[in-house]
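Asker: My questions concern the predicted model and sequence given below.
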Amino acid sequence: MNVEERAHLKVPVNEKENTKSETLTELLVEAIINGDMLPGSKISEPELAKHYQVSRGPLREAIMRVEGLGLIERVPHVGARVITFSPEKLIELYAVREALEGMAARLAARYITQEELLSLELLLATHSKHIDEVEGSSYFHQHGDFDFHYRIIKASRNRKLIALLCDELYHLLRMYRYQSPRAQSRPKEALDEHKYILQAIRNRDEELAEMLMRRHISGSRKLIEQHILQD
C-alpha cells in the first residue's frame, strides 16, 4: 500500500472511540469538579448517554477513567457514584500533598528554566490582579497551566511525581477548592507565600523551596481542620 492509499484511509473505529472517550472523560471531570454532578450522586449511564448524546461504550470507558482519577467510587449494592469529601479524606489528601509538593518544589529549584521562571512571575502578577478585582475567587479556580502549583510540579521534571500529583490528587484538590466555602480560603496570604516559594526556587535554594512549600500547604490543612472542628 502506497502513501496516497494510506492517506485516503478512514480513521479506524477504535481510534474514533478512544478520542470520544477522552473528550467524555474531560467533560465528566469538569462536571464533577464544578458541582454539576453533585457529590454522592449516583452515576446513571442511560442519563449520561442521553445528555452527552453518545453510545454506552465510550461512556463506560470514560467513567472508568474518571474512577481511576478518584472522582467516582464504586459502592456495594449501590454502584458508581460521585465521591464525597469526608474530613478524613481531606486531611489525608493534604498530608500527601505536603510531602509530594515539597519534593516537587525542591526538584523545581534544581531543574526549572529561566523561561519557566519568567512565566511563573507573570502568572503571579496575573493572580494578584485577579485577587484585587474579584476578591480572590478566580485565583483559586485557576487550573492547568494557570495554576501555580501545577507549574511547579511540572518543573520538577520527575515523571512519577507529575503523574501522582497532576492526575488523581490534582483533580481532587480542584474539586475541593471549587466547592469549598470562601471562608476557608486566604488568597492574599497564599499569594505572598507563592512569591516566597518562587524566590527560593529562583535562588536555586532547594531546601528552602521545599520547606516553604510544605509550610504553605500545611497552612491550608490547618484551615480545613479548624473548619471541621467548628462544624
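Answerer: Yes, it's here. Residues are numbered from 1 along each chain as shown.
Asker: Now do stretch 62-75: distance from first to last residue.
Answerer: 18 Å (C-alpha to C-alpha, to the nearest Å).
Asker: for it, what is the average pLDDT?
Answerer: Confidence over stretch 62-75 (mean pLDDT, whole number) is 93.
Asker: Would you mark the buried spots in it?
Answerer: Using 16 or more other C-beta atoms under 10 Å as the burial criterion, the residues of stretch 62-75 that qualify are Ala62, Ile63, Arg65, Val66, Glu67, Leu69, Gly70, Leu71, Ile72. Every C-beta, even on glycine, is put in place using the N, C-alpha and C of the backbone.
Asker: Now compare those residues and name the two farthest from each other.
Answerer: Greatest spatial distance among the buried residues of stretch 62-75 (C-beta to C-beta): Ala62 and Gly70, at 14.8 Å.
Asker: out of the buried residues of stretch 62-75, who's nearest Leu208?
Answerer: Using C-beta to C-beta, Gly70 comes nearest to Leu208 of the buried residues of stretch 62-75, at 31.4 Å.
Asker: backbone phi and psi for the closest one, please?
Answerer: Backbone dihedrals for Gly70, given as degrees, to the nearest 10, come out at phi 90, psi 10.
Asker: At which residues are the strands of the chain located?
Answerer: 72-75, 79-82 (DSSP state E).
Asker: what sits up against the first one?
Answerer: Among residues not part of strand 72-75, those counted as contacts by C-beta atoms under 8 Å, 6 or more residues apart in numbering are Ile32, Ile43, Ile63, Val66, Glu67, Ala80, Arg81, Val82, Ile83.
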